[in-house]
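1. next one to model:
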Amino acid sequence: MNFSSRATGISEFLAMAYGEKASALVKSGFDVIRLNLGEPDFGAPDAVITAMKDSLDSPDYPYTSALGTPELREAIAGFYEQKHDVKIPSSRIVVTAGASAALLLASAALVEPGDNVILGDPSYPCNRRFLNAFGADVTLVPTASENNFQLTADDVEKHWKPNTRGVLIATPANPTGTCIDAAELLAIGKICKQHDGFLIVDEIYLDLLLDASVQKDAPVQKDAPVQKKSEALEENTPAATTVLANTLLHDNIIVINSFSKYFGMTGWRLGWCVVPEEMTSVVERLAQNLFICPSTLSQKAALACFTPQALSQCEENRQLLIKRAKLVFSALEKMGLPVDAKPNGAFYAYINIQKTGLSAIEFCDTLLDKYYVALTPGNDFGEHNADNYVRLSFATSESDLLKGLERLSQFVNELVG
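-> Residues are numbered from 1 along each chain as shown. Predicted coordinates for the structure are as follows:
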């Protein structure tokens, strides 16, 4: 059988591959600590689980609109306004089968074969592979730790080509957990607009900020209303949603988000995107043909995400991640393993392993084979200096995290003393 170049040319998703290796070791009886995947261990809020159970009393789960149910689209719009002080009409919100489907739809809608799209290096691998699947020529621009491993407006201007159609940025980013400065993001958006291009902002970790000086939340009480975030629109904050508040960029901004991270609903396969008004009907036609609609059950249950009880629980989970982050970065510092750019969001540590003398693949292979700890090599996320970095996810229980960090420390001591 002959397979398409699209299929044969795609490289392995290493985070998942190391997960498969870890699973094989577990089946053989080994105690493996999985720190390779970005999957929160806390799961969906209790109110969402209850809503799902209650919905099972319904005998029918029909197709919904390809754009998602009106109720969920309105609830997402209300979430932006309540939590981020950004007013978005629900007509611009498209509910999707996970953020992956949102990125696929955006790629299908915006790029032609041979079009160039600019991404930073390192970045989440699937983002560029969605674009590649529709024939895009992706430029991976090396980013610097002093810029939080994020693109700058100068980077974008320098690498813009005659066939460049747009830019894709993630903030907070995977694998680094770092945010782009809001003023820089707006500058990039304006460059895209000047060139009649698009700016896609992947902000699936937006509400998982780790830096208290950025998040500025008061302690969340049970059943308390969600605090507004007018301060999230201040200049130089890392909130990607600031681009949505800029009316000049409304017609060239696409924002991607998900229920997977902040709401802990990875396997529910539900996300959304905010698109320009004129793009809604385009995405609708694509979604009708490619997916028909997102899961009806997941959409019904997801309405409970925006209740005070669920949002309070999500904030408690974020506090757990902040505690884990402090534990991880303290342990890495004691090992002498630097994190070149301190993350202020998500749940990742992008670790510089250059001092060990091993490549990222060698490091991860040996750590898994000898110490039964799964990390992800930097080669998953780009090409520039990828061999010098590995990604650790602390989206797991504190007990597993402590055990994994102890084994990692033993491994590093064995390598460098």
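2. could you export stretch 143-154 as CSV, CA atoms only?
-> Written as CSV, here are the backbone C-alpha positions of stretch 143-154 (Å, rounded to 0.1, in the frame of the first residue of the first chain):
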residue,chain,number,x,y,z
THR,A,143,14.0,32.2,20.4
ALA,A,144,16.2,33.3,23.3
SER,A,145,15.8,32.6,27.0
GLU,A,146,16.2,36.3,27.7
ASN,A,147,12.9,36.8,25.7
ASN,A,148,11.3,33.9,27.6
PHE,A,149,11.7,31.7,24.5
GLN,A,150,9.0,33.8,22.8
LEU,A,151,9.0,35.5,19.4
THR,A,152,9.6,39.2,19.3
ALA,A,153,8.1,41.7,16.9
ASP,A,154,11.7,42.1,15.4
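3. for the remainder of this discussion, apply numbering that starts at 56.
-> All set: I'll call the first residue 56, so the last point we hit is now stretch 198-209.
4. pull out the buried residues from that stretch.
-> Counting neighbours by 16 or more other Cβ atoms under 10 Å, one finds that the buried residues in stretch 198-209 are 198, 200, 202-208. C-beta coordinates here come from the backbone N, C-alpha and C atoms, glycine included.
5. quickly check these for the two that are furthest apart.
-> Taking Cβ to Cβ as the measure, the buried residues of stretch 198-209 span a maximum distance of 18.1 Å, between 200 and 208.
6. how about the helices in the stretch 356-472 of the chain?
-> Counting by DSSP state H, counting those that start in this stretch, the stretch 356-472 of the chain forms helices over residues 363-390, 415-426, 453-471, given from the N-terminal end onward.
7. looking at those helices, which is closest to residue 179?
-> Closest of these to residue 179 is helix 415-426, at 16.2 Å (criterion: Cβ to Cβ).
8. how about residues contacting that closest one?
-> With contacts defined as Cβ atoms under 8 Å, 6 or more residues apart in numbering, helix 415-426 is touched by 73, 76-77, 80, 87, 408, 411, 413, 428-434, 441-445, 462-463, 465-466.
9. please apply the same query to stretch 308-316.
-> 93, 95, 153-154, 157-158, 161, 165, 244, 253-263, 295-296, 298-299, 301, 320-321, 323, 325-331, 334, 353, 357, 360, 401.
10. make it 7 Å
-> Stretch 308-316 is contacted from outside by 95, 153-154, 157-158, 161, 244, 253-261, 263, 298-299, 320-321, 323, 325-330, 357, 360, using Cβ atoms under 7 Å, 6 or more residues apart in numbering.
11. count of neighbours near the nearest residue to residue 362 once chain neighbours are set aside?
-> Using Cβ to Cβ, 6 or more residues apart in numbering and skipping residues adjacent in sequence, the residue nearest residue 362 is residue 102, 5.2 Å away. Using other Cβ atoms under 10 Å, residue 102 has 20 other residues around it.
12. name the helices or strands packed onto the helix or strand hosting residue 102?
-> Under the assignment given by DSSP states H and E, the secondary-structure element containing residue 102 is helix 101-110. With contacts taken as 3 or more Cβ pairs under 7 Å, 6 or more residues apart in numbering; DSSP states H and E, helix 101-110 sits against helix 351-357, helix 363-390.
13. only the buried residues of the last one, if you could.
-> Within helix 363-390, the residues that count as buried by 16+ other Cβ under 10 Å are 364-370, 372-373, 375-377, 379-380, 383-384, 386-387, 390.
14. and the angle for it with helix 101-110?
-> 130 degrees (axes from the mean of the first three to the mean of the last three Cα atoms, to 10 degrees).
15. for helix 363-390, the distance to its chain's centre please.
-> Computed by Cα atoms, centre = their mean, to the nearest Å, the separation of helix 363-390 from the middle of its chain amounts to 17 Å.
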